[in-house]
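*Asks:* Here is a sequence together with a model predicted from it:
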Amino acid sequence: MRVVIIKSTNTVMKDGVFRDDLDLSSCGLPDNLWALQWNEQGDESGHIEYKGADVQNDSITELPSWVTSCLTVLQAKLDAEEAERIAAEEAAAAAAEAEANP
């Protein structure tokens, strides 16, 4: 699983699917987080980038617990978008049916 989280834009990406402007306020992101990148090379590792020139990036071999919260927020957004798409399709089909059979 490839994951990227960018705090400044509230972006979460999982396996190439991403959304930005997500509400990550309840996810417990570190205050000085810039970004997390996971599994860039397909090797189940990654790094955390921090704001500020005086802070070193961290190499990681396990995802921090706050990543799960961010992925949950992303999935909720994707689920809501899918529900909206289905509702719009159903409404269009109902309108077409009503027009065909007045």
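*Replies:* All right, it came through fine.

*Asks:* who's in contact with stretch 52-68?
*Replies:* Here stretch 52-68 makes contact (C-beta atoms under 8 Å, 6 or more residues apart in numbering) with 3, 5, 27-30, 32, 36, 38, 44-50. All C-beta spots, glycine's among them, are computed from the backbone N, C-alpha and C.

*Asks:* let's go with 6 Å and repeat that
*Replies:* 27-29, 45-49 (C-beta atoms under 6 Å, 6 or more residues apart in numbering).

*Asks:* This protein: strands as residue ranges?
*Replies:* Counting by DSSP state E, the chain has strands at residues 3-6, 11-14, 17-19, 33-38, 46-50, 58-60.

*Asks:* For those, give me a markdown table that also has distance to residue 91.
*Replies:* Converted to a markdown table, these look like this (distance: least, C-beta to C-beta, whole Å):
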| stretch | distance to residue 91 |
| --- | --- |
| strand 3-6 | 35 |
| strand 11-14 | 29 |
| strand 17-19 | 24 |
| strand 33-38 | 39 |
| strand 46-50 | 42 |
| strand 58-60 | 45 |
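
*Asks:* if we compare these, which one ends up closest to residue 97?
*Replies:* Closest approach to residue 97 among those (C-beta to C-beta): strand 17-19, 32.7 Å.

*Asks:* Okay, now the sheet partners of that closest one, with direction.
*Replies:* Sheet pairing of strand 17-19 (DSSP bridges) gives strand 11-14 (antiparallel).
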